[in-house]
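Novice: My questions concern the predicted model and sequence given below.
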Amino acid sequence: MRILLLFCFLSLPALFYSQGRKLGKMGNVDAYKSTEPIKSKKEKIASIDLYKVITIDNDTTYIDTSLTIQKEYSHNYLRKDIFGLLPFANDGQTYNTLQYSLREYNPLPEFGFKAKHFNFLEAQDLRYYSVATPVTELYFKTTINRGQSVDAFITLNTSENLNFSIAYKGLRSEGEYLNQLSSTGNFRFTTSYNTKNKRYFAKAHYTFQDILNEENGGITTIEDFESENTSFNNRQRFEVYFTDAKSFLKGKRVFLDHNFRINPEKGNTNLYVSHQVNYENRFFEYNQRTVPSTVGSSAVERFGDSFINSNINDQTRYNKLYNKVGVTLENSLLGKFYFFIDDFRSNSYYNRILIFNNQTNIPNSLSQDINTISGKYAFYQKKISGDFSYQRSITPQSLSNLDANFIFNFNEDFQLSLQYQNLNKLPNNNYNLYQSSYIQYNWSNDFKNEKINRINANVVSPWVEIDFQYTILNDYLYFANIANNQQKSVRTQIVTPAQYNGTINYASLKLSKEISFGNFALDNTVLFQKTTQDELVLNVPEVVTRNTIYYSNYFFKNALFLQTGVSLNYFSNYFANEYNPLIGEFFVQNEKQIGNHPNLDFFINAKIQRTRIYLKAEHFNSSLTGNNFYASPNNPSRDFTIRFGLIWNFFN
């Protein structure tokens, strides 16, 4: 109910601003025309380039209200194309990763609990705006069973130099299976400012995010699911491991990035000083009132022995303060030279110290104070641009990151991008310290750094888009199930962090191409992956594909734009990682393969002025091709579902 009230509240300014508008058109993207009375005979038109979307790195795009096949792919809970991710059965749950090359690397240690962070907006995910008139966007989509998913956003410039935006994304989805409710919220507030002489620039934001999931641990009787017994068409009849467990992630962040030009007038050579500060705290909790799980008539200790018999409430707290101070020398011929000093302080902590009989001590906190220096050089020419950066710690911790990027623009249709990264990464905090009420889920480690060498190449051409990556991983960190055969026979799952001492070679090749014939089009994305390793640690499907055939056309004197088609999603068999809700992570397993199941979606999308309407029948072949569709070995993926959604933009 609170989500709907906020949705309506943020809608009110949009409704007022939207009175008396007419629609202009500019290429494939709308331009916006005000119909308020003005003194001159000609109406003032705000062109699309006055509605800017800006990243923290000052990459700029424009607000786009067109309806394309890419908008169809991004009309989902994450609001982005999720090719390479495998969603669980309910909205707001985690995602299994099919495409390993989606992973991004940061040399500094992070909080961890990565399976809970797919919808957690990091500082680099926030966007800043500069708009000629107030802009509102309302997103809505139905969920699985009862609930709703909304994202309400408004931005305005109080002057040419000062912008504010406020947004809230909320979800509540019941799900098909027992104990599967999702309830999430992402509040964000941003502001950006620059002086009239363009000498000082600042971007700031505040976020508050909470992600609550009921955790059922998957179904206990896979054979009942695969038998296609009609008694289980009601998914609530499946037995699950947990009926009262839940996990909760929340976080707050205050962020400021600003810079000042030393020389009063901008010339061919300029000197800037910059500062960035990021303070945030995060909290992860796993709660389980009833400890023994019931499988049939037997009691199962799913996570082994525990210190207490009921009301488990494991809590991990984390805070971070990051400061970066730098100077930049800019020359119109040579490019930009950057020099930075970073100060990173973090603390993961618990409210107790554990001392076991074998004299093993589990401390109550893991504190880190890391200082690094870094340099960067960037240049921009007519047909080639690039940057080189190097970061290294000056405190005792070993840390380094070498990154080089080149972009060659041969012409408007042909572009080549190259990247090389050499990374010496500190482990995430939850690899080195974790405490739980479950006895075997307590550890204090001192793992070695991960060493990562990565080469990326991307080619954009009129014929095909090619994305190639080759990665060499040493001292790879992962989670593994170390339960012995006796424990596995009684369905006990003991997951702990581990480090692979060998070398893993990973290669991926992704090909993308859309073929048009009249009003029809065939959009294809195919991913090939291969790993070489002595043990099955990094498991990926060798083939992942998405193929969409669709029809699009204008109707009713161009008042309605319609798009309809069918999408096929498929990945080959592989040993998919399993999800462990206690630690909020996926772990490696080599006992059950999933995949080799086509997933067909039928969609009808329409656009009327700046309103985009989405109707989709997801996985409509689920009852025809057998119950062998999984998001992880114990968690079936989504059944046939009909979804409705819309995105509504308002411009004054």
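Specialist: It's in. Numbers count the residues shown, from 1 in each chain.

Novice: could you list every residue that touches the residue nearest to the spatial centre of the chain?
Specialist: With distances taken as Cα atoms, centre = their mean, residue 118 lies nearest the centre of the chain, 4.2 Å away. Going by Cβ atoms under 8 Å, 6 or more residues apart in numbering, residue 118 touches 78, 85, 94-95. Just so you know, the C-beta spots here come from the backbone N, C-alpha and C atoms, and that holds for glycine as well.

Novice: Top of those residues by number of neighbours, please.
Specialist: residue 94 (26 neighbours; other Cβ atoms under 10 Å).

Novice: so what's that residue closest to, chain neighbours aside?
Specialist: Excluding the flanking residues, the one nearest residue 94 by Cβ to Cβ, 6 or more residues apart in numbering is residue 115, at 4.5 Å.

Novice: Would you enumerate the residues in contact with residue 165?
Specialist: Contact analysis of residue 165 by Cβ under 8 Å, 6+ apart lists 128-129, 153-156, 188-191.

Novice: Next, format these as CSV and append pLDDT and secondary structure.
Specialist: Formatted as CSV, those follow (pLDDT from 0 to 100; DSSP: H, G, I helix; E, B strand; the rest coil):
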residue, pLDDT, secondary structure
128, 97, strand
129, 96, strand
153, 95, strand
154, 97, strand
155, 96, strand
156, 96, strand
188, 97, strand
189, 98, strand
190, 98, strand
191, 97, strand
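
Novice: Just the buried residues out of these, in ChimeraX syntax.
Specialist: Command for ChimeraX that selects the buried part of the contacts of residue 165, burial taken from 16 or more other Cβ atoms under 10 Å:
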select :128,129,153,154,155,156,188,190,191
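
Novice: from the contacts of residue 165, which single one is nearest residue 407?
Specialist: Distances from residue 407 to the contacts of residue 165, taken as Cβ to Cβ, are shortest for residue 128 (23.2 Å).

Novice: Validate this expectation: residue 403 resides in a helix.
Specialist: No - using DSSP: H, G, I helix; E, B strand; the rest coil, the assignment for residue 403 is strand, not a helix.

Novice: and it, how many neighbours?
Specialist: 18.

Novice: What residues are bridge-paired with it?
Specialist: Residue 403 has these beta-bridge partners by DSSP bridges: residue 389, residue 421.

Novice: quick one, what contacts the residue nearest to residue 94?
Specialist: Going by Cβ under 8 Å, 6+ apart, the list of residues near residue 115 reads 94, 579, 584-586.

Novice: Now tabulate these in CSV and tack on distance to residue 651.
Specialist: Listed next are the contacts of residue 115 as CSV, based on distance: Cβ to Cβ, whole Å:
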residue, distance to residue 651
94, 36
579, 42
584, 40
585, 43
586, 42
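
Novice: Can you lay out these as TSV showing pLDDT, secondary structure and distance to residue 537?
Specialist: Putting the contacts of residue 115 into TSV (pLDDT from 0 to 100; DSSP: H, G, I helix; E, B strand; the rest coil; distance: Cβ to Cβ, whole Å) gives the following:
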residue	pLDDT	secondary structure	distance to residue 537
94	97	coil	20
579	97	strand	17
584	96	coil	20
585	97	strand	15
586	97	strand	13
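
Novice: Going by distance to residue 53, which of these wins?
Specialist: Closest approach to residue 53 among these (Cβ to Cβ): residue 94, at 27.8 Å.

Novice: I'd like the mean pLDDT over the host helix or strand of residue 70, please.
Specialist: Residue 70 is located in helix 69-73, with elements delineated by DSSP states H and E. Averaging pLDDT along helix 69-73 yields 95.

Novice: That one packs against which elements?
Specialist: Helices and strands touching helix 69-73, by 3 or more Cβ pairs under 8 Å, 6 or more residues apart in numbering; DSSP states H and E, are strand 543-555, strand 599-608.

Novice: and among the ones you listed, the most buried is which?
Specialist: strand 599-608 (a mean of 18; mean count of other Cβ atoms under 10 Å).

Novice: which strands and helices sit next to that strand?
Specialist: helix 69-73, strand 560-571, strand 611-618.

Novice: of the ones you listed, which approaches residue 603 most closely?
Specialist: strand 611-618 (4.4 Å).

Novice: Please spell out which residues along the closest one are buried.
Specialist: Buried residues in strand 611-618, defined by neighbour count with 16+ other Cβ under 10 Å: 612-618.

Novice: just stretch 315-329 next, same as before
Specialist: Across stretch 315-329, burial judged by 16+ other Cβ under 10 Å covers 316-320, 322, 324, 326, 328-329.

Novice: quick one: low-confidence ranges for the stretch 1-150 of the chain?
Specialist: 1-44 (pLDDT under 70).

Novice: which residues of it fall in helices?
Specialist: 2-17, 69-73 (DSSP state H, counting those that start in this stretch).

Novice: Show me the contact partners of the last one.
Specialist: Among residues not part of helix 69-73, those counted as contacts by Cβ under 8 Å, 6+ apart are 81-83, 514, 521, 523, 548, 550, 563, 603, 605, 612, 614.

Novice: want to throw the buried residues of strand 611-618 into CSV with distance to residue 488?
Specialist: Shown next, in CSV, are the buried residues of strand 611-618 (distance: Cβ to Cβ, whole Å):
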residue, distance to residue 488
612, 49
613, 49
614, 44
615, 45
616, 39
617, 39
618, 34
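
Novice: so what's residue 338 bridging to?
Specialist: Here residue 338, judged by DSSP bridges, has bridge partners residue 328, residue 376.
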